[in-house]
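Undergrad: Structural data only, the sequence is not supplied:
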């Protein structure tokens, strides 16, 4: 089979497509013919330095989220899974390949009416967005500022926040991203690459009650300053390359709560994932796929994400 190998950490060019042995499903595992592989910002960080939640055992085939069809199962696994459309995490390795093996406990059957590529796009970002919405403790009518609103998580946050009655302020960098956030139904859309973006937000809504911080750095710090007393800030990303640096003392002094994103149990992760897949199948949540690359162009896909020129979700098309 074809796969993308990582032999050393470094720039996107270290991702090299080559042949690999076909994997075999062992006890409690399923073999998936992969159609799409999900790419996240965390994976680009891991490729660059080995930093992240994945085990760094080189050489390896990276990739943590896939979608495809089960073509075989090992012992102690339900043979009825064969032929099912599924999405699954791979625990950090094996995803950038034509075939992958995963523990059957990681499988999620894709509901009827939901395209496989959209299910893959929801696998990581959907449950993250759902977890953020839950952790924020939103109250109907609150003003919610969403950074990186045209990203994989951000586009879903805009939709989910609107669905529960929030007034959404979407901030994104550049005209293309701003237009996407507007099309998703945000009430106020601001380009944070403009020097007066904070003033634009203040003019539109005054202060905000909740900040979903997906950029970090100076953008995150400026968003923090927009919070009203009793506001909440939840940081989930660092598209700028660094987390927002705000001390507990600074937050307390302004009457603001820095909400730590709770680590869900496996049971909660399953509930969150099944929930967003069901919403999408019913047409209530639309994952935005902005870029698609063939498997052999995984390096270009990583470059697109790191350049911050990408919008929505980036997928590898393994099989069409």
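TA: Looks like it came in fine. What you are looking at is a predicted structure, and each value in this text was computed from that prediction instead of being measured.

Undergrad: Do a quick rundown of the strands in the stretch 201-320 of the chain.
TA: Taking DSSP state E, counting those that start in this stretch, the strands of the stretch 201-320 of the chain run over residues 208-213, 227-235, 257-258, 289-294, 313-317.

Undergrad: Among these, which comes closest to residue 35?
TA: For the strands of the stretch 201-320 of the chain, proximity to residue 35 was assessed by CB to CB; strand 313-317 is nearest, at 7.7 Å. Every C-beta, even on glycine, is put in place using the N, C-alpha and C of the backbone.

Undergrad: Mind giving me the packing neighbours of that closest one?
TA: strand 29-39, helix 116-123, strand 289-294, helix 298-306 (3 or more CB pairs under 8 Å, 6 or more residues apart in numbering; DSSP states H and E).

Undergrad: Switch these over to TSV; also include mean neighbour count and distance to residue 202.
TA: Shown next, in TSV, are these (neighbours: other CB atoms under 10 Å; distance: least, CB to CB, whole Å):
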stretch	mean neighbour count	distance to residue 202
strand 29-39	25	36
helix 116-123	24	34
strand 289-294	18	30
helix 298-306	21	31
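
Undergrad: residue boundaries of the strands in the stretch 51-200 of the chain?
TA: Using DSSP E, counting those that start in this stretch, strands in the stretch 51-200 of the chain cover 65-73, 85-89, 99-103, 107-109, 143-146, 167-172, 188-191.

Undergrad: Can you pull the domain assignment for this structure?
TA: Following automatic domain parsing, the chain resolves into domains at 2-109+288-317, 125-258.

Undergrad: Could I get these in JSON lines, plus columns for distance to residue 271?
TA: Output for the domains of the chain, formatted as JSON lines (distance: least, CB to CB, whole Å):
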{"stretch": "domain 2-109+288-317", "distance to residue 271": "11"}
{"stretch": "domain 125-258", "distance to residue 271": "9"}
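
Undergrad: would TSV of those domains with distance to residue 115 and mean pLDDT be doable?
TA: TSV is the format used below for these (distance: least, CB to CB, whole Å; pLDDT from 0 to 100):
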stretch	distance to residue 115	mean pLDDT
domain 2-109+288-317	10	95
domain 125-258	14	95
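
Undergrad: between those, which gets nearest to residue 282?
TA: Comparing the domains of the chain by CB to CB, domain 125-258 comes nearest, at 11.7 Å.

Undergrad: Between helix 116-123 and the longest helix that the chain contains, find me the angle.
TA: Identified as the longest helix of the chain according to DSSP state H is helix 266-281. Interaxial angle, helix 266-281 versus helix 116-123 (axes from the mean of the first three to the mean of the last three CA atoms, to 10 degrees): 140 degrees.

Undergrad: mind listing what's buried in helix 266-281?
TA: Neighbour counts using 16 or more other CB atoms under 10 Å place 272, 273, 276, 277, 279, 280, 281 of helix 266-281 among the buried residues.

Undergrad: Wait, the last one touches residue 111, no?
TA: Yes. Checked against CB atoms under 8 Å, the pair residue 281 and residue 111 is within contact range at 3.8 Å.

Undergrad: quick one, helices of the stretch 101-250 of the chain?
TA: 116-123, 125-136, 152-163, 175-183, 197-205, 217-225, 248-253 (DSSP state H, counting those that start in this stretch).

Undergrad: If you compare the directions of the first one and strand 29-39, what angle comes out?
TA: What that stands for is helix 116-123. 80 degrees.

Undergrad: Kind regards, and thank you for your time.
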